[in-house]
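Novice: Just the structure for this:
(one chain, ligands or ions: 1)
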Amino acid sequence: MGITGGIAAYKIPGLVRLIKKAGCEIEIILTEAAKNFVAPMTLETLSGRKIWTENNFDFNIPHVNLTQWANVFVIAPCTANTLAKIAHGISDNLLTSAVIASTCPLLIFPAMNENMYANKATQENIKILSERGIKVINPAEGELACGVSGKGRMNEPEEILLEIFRALYPVHDLVNKKVLITAGPTHEYLDPVRFISNPSTGKMGAAMARAAWYRGAEVKIISGPVNFNFNSYGFEVIKIKSALEMLEAVKKNLSWADFIVKAAAVGDYRAKNFSPQKIKREGKNDLVIELSQNPDISAEVGKLKRENQILIGFAAETQNISENAREKLARKNLDYILANDVSEKNSGFAVDTNTVKLIPKDINKTEKIFSGLKDDIACEIWDNVISL
Ligand SMILES: Cc1cc2nc3c(=O)[nH]c(=O)nc-3n(C[C@H](O)[C@H](O)[C@H](O)COP(=O)(O)O)c2cc1C
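Specialist: I've put the predicted structure just below:
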């Protein structure tokens, strides 16, 4: 890791802790300016290693040896100055010399005042680096140390850690592919304070999204109300509540996608007459609510999708799992269906594990059963779908 002289360097000790906790080893190079923002002794204590600086290296030729040792080289925060130097091959300090000697993937996290970031020189330098295959991660928008709000904030340590995992992921076979995923339950409101829903937590959809993102895909997730935060990942998250809102969001994003994964548990019914006022309990021992059927989003996508778009659906079933799943696969024009016995223990809703059967449209392709953690299953699903 290289740390340069930006104010965001104060967050890096937190990142070093996360990296160590994840089981990685880390060597750190500090520029002279960075020493003003983060104490070498803090970093030494947290990394368990000596910190490399201009006047603190032995005869190890660190700029060469360190970069041969590393699996990934991260510069965070990266100043406008260091960004410019790297773009132009300048190697006038230990960090920039290490960059030019390195052969592993390089991840750059720029952080600076919004005008510095928007400056044509900075933008042209980013373009040069990106065209060279170097990953320059967009800074966030928000409050900046200089007191204004704008684009230039360094990504949070959790986000940087995930980008590191992404760079280290062993396969990147979804680079330049766009994956649209639906996840979670829907809430079908009866009145302003009550809704019909189901126990979906969005975990399977999130696992599919993470696995695709690690493989290099651009990911958009259309999510019903769930309790976890997708935001540390570089996904675009579109939040919806009802099945009708989900359908609208899916239609809007459909042409963008190469793969569509329908992992949401969409409500089949909604209130026929939504009550704009809270339904009162007084005077009603029994309450009858009429429901109308919601549109079938997978089937709509099946009708609208282009020839080369791959549609993957999940079928939550409690009986005749394979037969019901095959029937859905054909009726909805899916390319793959994952049949999911939600009545089994440790499978389906609200747990971290699952058992699913992957059934391809093409009957000559073999069906496969995956069982285990949803994250592991998601990797296996992508392995199979991509290889098929
Ligand atoms: C208080 C202060 C804060 C700074 N913050 C930033 C910053 O966030 N981003 C940036 O690009 N430069 C920032 N700079 C300017 C850099 O420190 C300066 O360009 C320096 O030469 C960078 O050297 P380096 O790239 O070798 O670390 C700041 C300077 C000062 C005095």
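
Novice: Contact partners for Lys135?
Specialist: 105-108, 163, 167 (Cβ atoms under 8 Å, 6 or more residues apart in numbering). (Each C-beta comes from the backbone N, C-alpha and C, glycine too.)

Novice: give me that answer again for 10 Å
Specialist: 72, 74, 105-109, 129, 163, 166-167 (Cβ atoms under 10 Å, 6 or more residues apart in numbering).

Novice: Okay, and which of these map to helices?
Specialist: 129, 163, 166-167 (DSSP state H).

Novice: quick one: which of the contacts of Lys135 is most hemmed in?
Specialist: In terms of neighbours by other Cβ atoms under 10 Å, the contacts of Lys135 top out with Val74 at 26 neighbours.

Novice: how near is it to Phe259?
Specialist: With distances taken as Cβ to Cβ, to the nearest Å, Val74 is found 29 Å from Phe259.

Novice: and the longest helix along the chain, how far out from the chain's middle?
Specialist: Longest helix in the chain, counting residues (DSSP H): helix 374-387. Per Cα atoms, centre = their mean, to the nearest Å, the displacement of helix 374-387 from the mean C-alpha position of its chain is 16 Å.

Novice: Distance to the ligand and pLDDT added to the ones in helices among the contacts of Lys135, as a markdown table?
Specialist: Compiled in a markdown table, the ones in helices among the contacts of Lys135 are given as follows (distance: Cβ to the nearest ligand atom, whole Å; pLDDT from 0 to 100):
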| residue | distance to the ligand | pLDDT |
| --- | --- | --- |
| Leu129 | 15 | 97 |
| Glu163 | 19 | 94 |
| Arg166 | 24 | 94 |
| Ala167 | 22 | 94 |
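
Novice: And those residues, which is closest to Ala145?
Specialist: Glu163 (21.6 Å; Cβ to Cβ).

Novice: Please name the residues that touch that closest one.
Specialist: Contacts of Glu163 (Cβ under 10 Å, 6+ apart): 72, 74, 76, 107, 109, 135, 137, 155, 213, 232-234.

Novice: Leu95 now?
Specialist: 1-4, 28-32, 34, 52-54, 63, 73, 75, 78, 82, 85-86.

Novice: rerun that using 7 Å as the cut-off
Specialist: 2, 29, 31, 82 (Cβ atoms under 7 Å, 6 or more residues apart in numbering).

Novice: just Asn71 next, same as before
Specialist: 104, 168.

Novice: okay, now the domains of this protein?
Specialist: Using automatic domain parsing, the domains assigned to the chain come out as 2-168, 178-387.

Novice: got the phi/psi numbers for Lys151?
Specialist: phi -90, psi 130 (degrees, to the nearest 10).

Novice: Tell me who's in contact with it.
Specialist: By Cβ under 7 Å, 6+ apart, the neighbours of Lys151 are 114, 117, 139, 141.

Novice: Quickly list what the last one is bridged to.
Specialist: The reference is to Glu141. Beta-bridge partners recorded for Glu141 (DSSP bridges): Lys151.

Novice: what are the ranges of the strands in the stretch 251-388 of the chain?
Specialist: Secondary structure of the stretch 251-388 of the chain (DSSP state E, counting those that start in this stretch): strands at 259-262, 269-271, 291-293, 310-317, 336-341, 353-360, 368-373.

Novice: and the ligand, which of those strands is closest to it?
Specialist: strand 259-262 (37.6 Å; Cβ to the nearest ligand atom).

Novice: what does the closest one rub up against?
Specialist: Contacts of strand 259-262 (Cβ under 7 Å, 6+ apart): 177, 179-182, 208, 254, 297-298, 301, 309-314.

Novice: on that earlier part again, just list what the longest helix of the chain packs against, helices and strands only.
Specialist: helix 203-214, strand 353-360, strand 368-373 (3 or more Cβ pairs under 7 Å, 6 or more residues apart in numbering; DSSP states H and E).

Novice: partners of the second one, with directions?
Specialist: According to DSSP bridges, the neighbouring strands of strand 353-360, each with its direction, are strand 336-341 (antiparallel), strand 368-373 (antiparallel).

Novice: So which of those is the most surrounded?
Specialist: For the strands paired with strand 353-360, the largest average neighbour count (mean count of other Cβ atoms under 10 Å) is found in strand 336-341, namely a mean of 24.

Novice: Stretch 181-200: how far from the chain's middle?
Specialist: 23 Å.

Novice: what do you get for stretch 135-146?
Specialist: 18 Å.

Novice: And for stretch 264-272?
Specialist: Worked out by Cα atoms, centre = their mean, stretch 264-272 lies 27 Å from the chain centre.

Novice: End to end on that stretch, go ahead and measure it.
Specialist: 22 Å (Cα to Cα, to the nearest Å).

Novice: and what of stretch 328-343?
Specialist: The first-to-last residue distance of stretch 328-343 comes to 19 Å (Cα to Cα).

Novice: Which strands and helices lie in contact with the strand or helix carrying Leu83?
Specialist: Using DSSP states H and E, Leu83 falls within helix 80-87. Other elements packing on helix 80-87 under the criterion 3+ Cβ pairs under 7 Å, 6+ apart are helix 94-101, helix 120-131.

Novice: do the shortest one and the ligand meet at all?
Specialist: This means helix 94-101. No. Judged by Cβ under 6 Å from any ligand atom, helix 94-101 makes no contact with the ligand; its nearest approach is 7.0 Å.

Novice: Now, the contacts of Glu163 that are in strands?
Specialist: 74, 76, 107, 109, 135 (DSSP state E).

Novice: For the first one, give its distance to Ile128.
Specialist: So the one you mean is Val74. Where Ile128 is concerned, Val74 sits at a distance of 19 Å (Cβ to Cβ).

Novice: How about the fourth one?
Specialist: Taking Cβ to Cβ as the criterion, Phe109 is separated from Ile128 by 17 Å.
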